[in-house]
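In: Take this sequence and fold it.
(one chain, ligands or ions: 1)
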Amino acid sequence: MVKRNSCVFISGKGSNLKNLIIKSRDSSFPINIKLVISNDPNAYGLRYAKQFSIPYYIIDTKSEKYENFLLVKLKEYKISIICLAGFMKIISKKFIKNFNKKIINIHPSLLPKFKGLNTYSRILKNREKISGCTVHYVNEKLDNGRIICNKKFSIEDTDDQKTLKIKTQKLEHFAFPQALIRVFNKN
Ligand code: GAR
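Out: Residues are numbered from 1 along each chain as shown. As a prediction, this is how the structure comes out:
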């Protein structure tokens, strides 16, 4: 199969990045990761880019020029899909329009519930019984694009933010690869 070139955007730990790098080494997985972008020079996840010899760039989202820089790099590396894997900055409408290819995001809730930040505390405060994660296409509205797949678990009375995060991220590592397979293999 022809693998598509992808770029993964991160801001922190990079557990989804690591998982996608490992999955992408399988010849039947639909993407190769050609580029990693971080808005934080200290993001722990950058070590996976280094470890697996994937080119990476740090962007300064305060600079007005960063989106143009990104568009140039995305073109240079012939990127067909951007995976937002814990990227904690909002991507502008202009960037989405100019990139004009697929952008997908993973979010730690069952969208459309709990869009935005501080997801776990809001889930607990709302006394939800079920939670999970969602992979969706990115459009100009926050956490609002078409859902590609989600994964669910039951919340126990003993769960706190820490355990919710552990349970959610465990499922994310199944959901993100599955979403990419769905995007490209249409199943
Ligand atoms: C993931 O749990 C992802 O759902 C969340 O950031 C975490 C990144 O973890 N994303 C958002 O909250 C986006 N609004 P990772 O760096 O270990 O992959």
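In: where does the protein come near the ligand, residue by residue?
Out: By Cβ under 6 Å from any ligand atom, the residues of the chain that approach the ligand are 10, 12-16, 45, 85-86, 106-108, 133, 169, 172. For the C-beta atoms, the positions are set from N, CA and C on the backbone; glycine is no exception.
In: Please repeat the previous calculation with a cut-off of 8 Å.
Out: Among all residues of the chain, those adjacent to the ligand (criterion: Cβ under 8 Å from any ligand atom) are 10-19, 43-45, 84-88, 105-108, 116-117, 119, 133, 143, 165, 168-169, 172.
In: Buried ones among these?
Out: Using 16 or more other Cβ atoms under 10 Å as the burial test, the residues of the chain next to the ligand include 10-12, 14-19, 43, 45, 84-87, 105-108, 119, 133, 143, 168-169, 172 as buried.
In: Among those, which lie within helices?
Out: Taking DSSP state H as the definition of helices, these contribute 15, 16, 17, 18, 19, 119, 168, 169, 172.
In: you'd agree the third one is up against residue 85?
Out: This points to residue 17. Yes. With contact taken as Cβ atoms under 8 Å, residue 17 and residue 85 are classed as touching, separated by 5.2 Å.
In: Give me the mean pLDDT for stretch 16-28.
Out: When pLDDT is averaged over stretch 16-28, the result is 97.
In: Just the CA coordinates for it, please, in PDB.
Out: C-alpha atoms of stretch 16-28 as PDB (Å, rounded to 0.1, in the frame of the first residue of the first chain):
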ATOM      1  CA  ASN A  16       0.100   9.400  21.300                       C
ATOM      2  CA  LEU A  17       3.000  10.400  19.100                       C
ATOM      3  CA  LYS A  18       5.100   7.500  20.400                       C
ATOM      4  CA  ASN A  19       2.200   5.100  19.800                       C
ATOM      5  CA  LEU A  20       1.600   6.400  16.200                       C
ATOM      6  CA  ILE A  21       5.300   6.100  15.400                       C
ATOM      7  CA  ILE A  22       5.400   2.500  16.500                       C
ATOM      8  CA  LYS A  23       2.200   1.700  14.600                       C
ATOM      9  CA  SER A  24       3.500   3.400  11.500                       C
ATOM     10  CA  ARG A  25       6.400   1.100  11.300                       C
ATOM     11  CA  ASP A  26       3.900  -1.600  10.300                       C
ATOM     12  CA  SER A  27       3.800  -1.800   6.500                       C
ATOM     13  CA  SER A  28       0.000  -2.100   6.500                       C
END
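In: residues making contact with that stretch?
Out: Contact partners of stretch 16-28, identified using Cβ atoms under 8 Å, 6 or more residues apart in numbering, comprise 1, 3, 6, 8, 10, 29, 31-33, 36, 45, 48-49, 52, 54, 83, 85-86, 106, 169, 172-173, 176-177, 180.
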